[in-house]
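Visitor: Just need the structure, nothing else, for what follows:
(one chain, ligands or ions: 1)
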Amino acid sequence: MISLKDIEVVFGKGTPLEKRALNGINLEIEDGSFVTVIGSNGAGKSTLLGILTGDIAPTTGKVMIGTTDVTRKPTVHRAEIVARVFQDPLAGSCGTLTIEENLALAERRGKRRGLAMALSSNRREMFRERIAELNLGLEDRLGDRMDMLSGGQRQAVSLVMATLTGSQMLLLDEHTAALDPGMAEFVMKLTDRFVEERKLTTMMVTHSMRQALDFGHRTIMLHAGEIVLDVSGDERKGLQIEDLINMFRQIRGQTLDDDELLIG
Ligand SMILES: Nc1ncnc2c1ncn2[C@@H]1O[C@H](COP(=O)(O)OP(=O)(O)OP(=O)(O)O)[C@@H](O)[C@H]1O
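Guide: Residues are numbered from 1 along each chain as shown. Coordinates of the predicted model:
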């Protein structure tokens, strides 16, 4: 169980630029559930992810991952329990290292062991098997540098890297937003398969309402630092994009700019 209790994040507190990015977030995510997060620009989505990765310390409140209180644990000490795939395909891996070396680093995340040792055992075969699951033919290119791959291929490898060790939580930060539609669909299907097969507790931030409803078990919508919608089960299954837009308008009593959320 991931639990956020009374989380507030105030940037620049006490300055003229003070900004309350999260305002009393209470959220419990059951083990193995896949939550999609949607919200207009500046709603607090990245801040929410930052709270889970440890990049941002809450001003008040408590963050529990399993039985561990991680509220004040910096990112480096959460590496074993939280894995992340970024929007930018270049951000999650090292372009000058080979696919295999990147996988070895991912497997060593949070542990004090060298790269040579990580690659010396029969791990090579395990890496090959995991990469072969992508069906992109990359298992024959494990010695290629990451920067030789396309954005989509790189995101697919990043997904393998993020799911290589049994992290307690997988965070997806608009991880298909920079890809062309075909590759975005491929990476999304892959994500769904990995999450399902490995029963990963997952949170995916997306600007696409279609993705938010089509994938996962639960959708939350943030607005002005608050959770304004939290749907799952049959209520969610019956939802259409138009319902989501109407709910948003009802809850906030505001109109929604077309460019704030992607309809598709
Ligand atoms: N480091 C910071 N210092 C000051 N204000 C910040 C900082 N980071 C975020 N904010 C502000 O906090 C609010 C929430 O930002 P956040 O990036 O979490 O929103 P978001 O939902 O991810 O938006 P987007 O979809 O545009 O990425 C915004 O008003 C933003 O300007």
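
Visitor: buried set for stretch 36-56?
Guide: 36-40, 43-54, 56 (16 or more other C-beta atoms under 10 Å). For every residue, glycine as well, the C-beta is placed using N, CA and C.

Visitor: Equivalent analysis for stretch 228-247, please.
Guide: 228-229, 231, 236, 239, 241, 244-245.

Visitor: and the end-to-end length of it?
Guide: One end of stretch 228-247 to the other measures 9 Å (C-alpha to C-alpha, to the nearest Å).

Visitor: What are the boundaries of the strands in the stretch 1-150 of the chain?
Guide: Taking DSSP state E, counting those that start in this stretch as the criterion, the stretch 1-150 of the chain carries its strands at 2-11, 19-29, 34-39, 60-65, 68-69, 82-85.

Visitor: now these in JSON lines, with distance to R124?
Guide: Below are those laid out as JSON lines (distance: least, C-beta to C-beta, whole Å):
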{"stretch": "strand 2-11", "distance to R124": "33"}
{"stretch": "strand 19-29", "distance to R124": "35"}
{"stretch": "strand 34-39", "distance to R124": "31"}
{"stretch": "strand 60-65", "distance to R124": "31"}
{"stretch": "strand 68-69", "distance to R124": "32"}
{"stretch": "strand 82-85", "distance to R124": "21"}
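
Visitor: N26: how many residues sit nearby?
Guide: 11 (other C-beta atoms under 10 Å).

Visitor: cool, F11 as well?
Guide: By other C-beta under 10 Å, the residues close to F11 number 14.

Visitor: need the contact list for it.
Guide: Residues near F11 by C-beta atoms under 8 Å, 6 or more residues apart in numbering: 17-19, 21.

Visitor: just V10 next, same as before
Guide: Under the criterion of C-beta under 8 Å, 6+ apart, the neighbours of V10 are 18-21, 59.

Visitor: which of the buried residues of stretch 228-247 sit farthest apart?
Guide: Comparing all pairs in the buried residues of stretch 228-247 by C-beta to C-beta, the longest separation belongs to V228 and I241, at 16.4 Å.

Visitor: Relative to Q250, how far out is the residue lying closest to Q240 once chain neighbours are set aside?
Guide: Spatially, and ignoring its direct neighbours in sequence, Q240 is nearest to L213 (7.9 Å; C-beta to C-beta, 6 or more residues apart in numbering). Distance of L213 to Q250, given as C-beta to C-beta, to the nearest Å: 17 Å.

Visitor: more crowded one of these two?
Guide: Comparing L213 with Q250 by neighbour count (other C-beta under 10 Å), the higher total belongs to L213, at 19 against 11.

Visitor: my guess is the more buried one meets T219, correct?
Guide: Yes. If you go by C-beta atoms under 8 Å, L213 and T219 touch, sitting 6.4 Å apart.

Visitor: Need the residues touching each of the two.
Guide: Shared contacts of L213 and T219 (C-beta under 8 Å, 6+ apart): 36, 236, 239, 244.

Visitor: Would you check these and say which has the weakest pLDDT?
Guide: Lowest pLDDT within the shared contacts of L213 and T219 is found at L244 (84).

Visitor: List the residues that contact that residue.
Guide: By C-beta under 8 Å, 6+ apart, L244 lies in contact with 38, 209, 212-213, 219, 221, 229.

Visitor: Which one of those is nearest to E139?
Guide: The shortest approach to E139 among the contacts of L244 belongs to A212, at 32.3 Å (C-beta to C-beta).

Visitor: Regarding E185, what is its secondary structure?
Guide: helix (DSSP: H, G, I helix; E, B strand; the rest coil).

Visitor: for the one 3 residues further on, same thing?
Guide: Remark: M188 carries the secondary structure label helix [criterion: three-state DSSP].

Visitor: Can stretch 40-50 be said to contact the ligand?
Guide: Yes. With C-beta under 6 Å from any ligand atom as the measure, stretch 40-50 is seen reaching the ligand through 41-47.

Visitor: What ranges in the stretch 151-264 of the chain fall below the confidence cut-off?
Guide: The stretch 151-264 of the chain contains residues with pLDDT under 70 at 251-264.
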